[in-house]
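> My questions are about this predicted structure, shown below with the sequence.
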Amino acid sequence: MQFRKTWVMALALTSVVALSACGNNNGGNNAATNNGGTNAAATNAPTETSSGADLSGSILASGSTALQPLVEQVAEKFMETNKGVDIQVQGGGSGTGLTQVAEKQVDIGNSDVFAEEKLKDADAEKAKALVDHQVAVVAIAAVSHPDAGVDSLTKQQLVDIFTGKVTNWKEVGGKDQKIQIINRPSSSGTRATFEGFALGTKTEDLQGSIQEDSSGTVKKMIGETPGAIGYLALSYLDDSVKTLNYDGVEPSVDNVVSGKYPVWAYEHMYTNGEPNETVKAFLDYIMTPEVQTGDVVELGYIPASQMQVSRDVAGTVTKK
Amino acid sequence: MRVKPKKTRIEKHHLEDFVGRAYMSFCVLLLIVIIVSMVYFVASKGISTFTSGDVKISEFLFGTKWSPEGDTPSYGAFPFIAGSFLVTLIAALIASPLSICAALFMTEIVPGWGKKLLQPVIELLSGIPSVVYGFVGLSVIVPFLRNTFPGQGIGVAAGALVLSVMILPTITSVAADALASLPQNLKESSFALGATRWQTIARVILPTTFPAIMTGVVLGMARAFGEALAVQMVIGNAPFVPKSLFESASTLTSVITLSMGNTTMGSPQNNALWSMALVLMLMTFIFVLLVRMLERRNKI
């Protein structure tokens, strides 16, 4: 029994390692090759048992609540195949994740934004030590109350609304109704993404605007408040709110992947320096086609590996 | 023969005494260490906003512009301090009469089944998690206010209404205790003089127990001041002093819970949040002080 158990584990482990060897953070579009790799590794596994690639240890991840469900679900799967590994995933927000990984309190810091955007000035040195692993993409769409009477807004119209220049829906082609902004707090990563890539400018909070931090509450409020406008991740969209096109482009997964729809951001998993063997295996596992086309899509994220464009800290978009 | 067992009995007794005392001293010491370190932690974090030279105390306390992410960041926390006081006072104004009436009902009007009926209900109210209050507020109170009054329903009024229900149990139970502990002969003498039940309640019972009832009100206000989640869900959290009761505003707690996770430790914004926590803690001290003073007056 004992022997068989180690044998099965080694088999599982080597397949993971083999998969991770093929996929890297940016690539991974060669799914067929990867599958081939898995089979080859599986047949070779018995001979490799003695090499001792047994993964063990514990991984502590904290940070972004937007990324938390994905990491939790993938961690469950990873622990099933790697019995020696214990992964704990905590929330706390992107700022918490980045702080804790910079101070080496956790192994992985989950963040909705680039570390350089949060760790500024005196902390800029800390950001340099962090290694970025972009595991998924989240796209954000402007949404309104279903009866606002608007299908699409241009960039300039959105800027006017969120800076308070336009206060009535009729000014942007809708019905005669006051616009109620449902915003995120100024420190929110979702707001940073929306302001950075949809508006192109930072906005001040307006008197009377409403701020909520949880996507569920934001959706509830937009759906129930007449004249409301806000923004939500694609995974939260349903019929209770009206999804607005941006400059005529529909916020769909295809448009995000091809780079036509610009309002999206990476979900980052930061490690302090290069990750150790166990953490690396876990991060590599997230980038495998199995997870990227499985859990990632299932939970409403967009696979980072499928993106046809990439973006750097400064916001410069390049075709892959 | 007789001496030996006696000796062991005394030794065992001494040992138990020693263990008990050592354990209790340890617990007390631990408690003191925890309290002192909590106060020290919050205070040192909160003060660092001012010592680092990022923000002046006067700017923090009285500045009305909160824009930590702006190009020229400003850290005026006055809207939040005002919001906290506003919702707390309104909540206390709504809840106090209700609670005092409930307490009178339980102790003076129908002490029998009235108490049996109300007590469990009030205990139930205090056991409901605050997120449930917040959700009920969002699903029931906010739409009601939106349809009845101008504005979007979200705002100070919604926050105060939710809070008033949350502090009902605190005020009621303290007031009921105070009323129940009132010396019986006071009431009897009042009745003997020919006073009716309402005259007795209004002229004798309420004035005598006033300080004790006020203790309940202050405790309720302390709870309201520190409540975060339920208020955050319904108040709207715009960093401005509201112009009306039906406009979005913020409290100290709602801003802390909204922003703490999104900011990195040691950044000016994070420090400013700790300063707000310090303000909250100082306010709690003041509430405790008030309760102490009222208790001293309460001794008949």
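Thanks, I have it.

> Please list the residues of chain B that sit near chain A.
Within chain B, the residues that sit near chain A (Cβ under 8 Å from any Cβ of the partner chain) are B:66-71, B:138, B:142-143, B:146, B:152-154, B:233, B:236-240, B:243, B:247-248, B:255, B:258-267, B:269-270. All C-beta atoms are positioned from the backbone trio N, CA, C, and that covers glycine.

> Report the buried members of the residues you listed.
Among the residues of chain B next to chain A, those classed as buried by 16 or more other Cβ atoms under 10 Å in any protein chain shown are B:66-69, B:138, B:142, B:146, B:152-154, B:233, B:236-240, B:247-248, B:255, B:258-267, B:269-270.

> What's the local residue count around B:Phe149?
14 (other Cβ atoms under 10 Å in any protein chain shown).

> cool, and B:Arg203?
Close neighbours of B:Arg203, defined as other Cβ under 10 Å, add up to 12.

> how about the closest residue to chain A within chain B, what does it touch?
Relative to chain A, the nearest point of chain B is B:Gly261 (2.2 Å; Cβ to the nearest Cβ). Contact analysis of B:Gly261 by Cβ atoms under 8 Å, 6 or more residues apart in numbering or on different chains lists A:Thr65, A:Gly91, A:Gly92, A:Gly93, A:Ser94, A:Gly95, A:Thr96.

> and those, which of them are in strands?
A:Gly91, A:Gly92 (DSSP state E).

> Contacting chain B as well, which ones from the contacts of B:Gly261?
Restricting these to those near chain B - Cβ under 8 Å from any Cβ - leaves A:Thr65, A:Gly91, A:Gly92, A:Gly93, A:Ser94, A:Gly95, A:Thr96.

> what would those residues look like in JSON lines with distance to B:Phe285?
Shown next, in JSON lines, are the ones next to chain B among the contacts of B:Gly261 (distance: Cβ to Cβ, whole Å):
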{"residue": "A:Thr65", "distance to B:Phe285": "33"}
{"residue": "A:Gly91", "distance to B:Phe285": "31"}
{"residue": "A:Gly92", "distance to B:Phe285": "28"}
{"residue": "A:Gly93", "distance to B:Phe285": "29"}
{"residue": "A:Ser94", "distance to B:Phe285": "33"}
{"residue": "A:Gly95", "distance to B:Phe285": "29"}
{"residue": "A:Thr96", "distance to B:Phe285": "28"}
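
> who wins for most neighbours among the residues you listed?
Within the ones next to chain B among the contacts of B:Gly261, most neighbours by other Cβ under 10 Å means A:Ser94, with 32 neighbours.

> Please tell me I have it right and it contacts A:Lys118.
Yes - A:Ser94 lies in contact with A:Lys118 (Cβ atoms under 8 Å); the separation is 6.6 Å.

> Quickly list what's touching both of the two.
By Cβ under 8 Å, 6+ apart, the residues touching both A:Ser94 and A:Lys118 are A:Ser111.

> which residues of chain B fall in strands?
When assigned using DSSP E, the strands of chain B occupy the ranges B:66-67, B:74-75.

> hang on, A:Leu244 packs against A:Ser152?
Yes - if you go by Cβ under 8 Å, A:Leu244 and A:Ser152 touch, sitting 6.0 Å apart.

> now the residue of chain B closest to chain A: how far from A:Leu283?
Remark: distance between B:Gly261 and A:Leu283 (Cβ to Cβ, to the nearest Å) = 23 Å.
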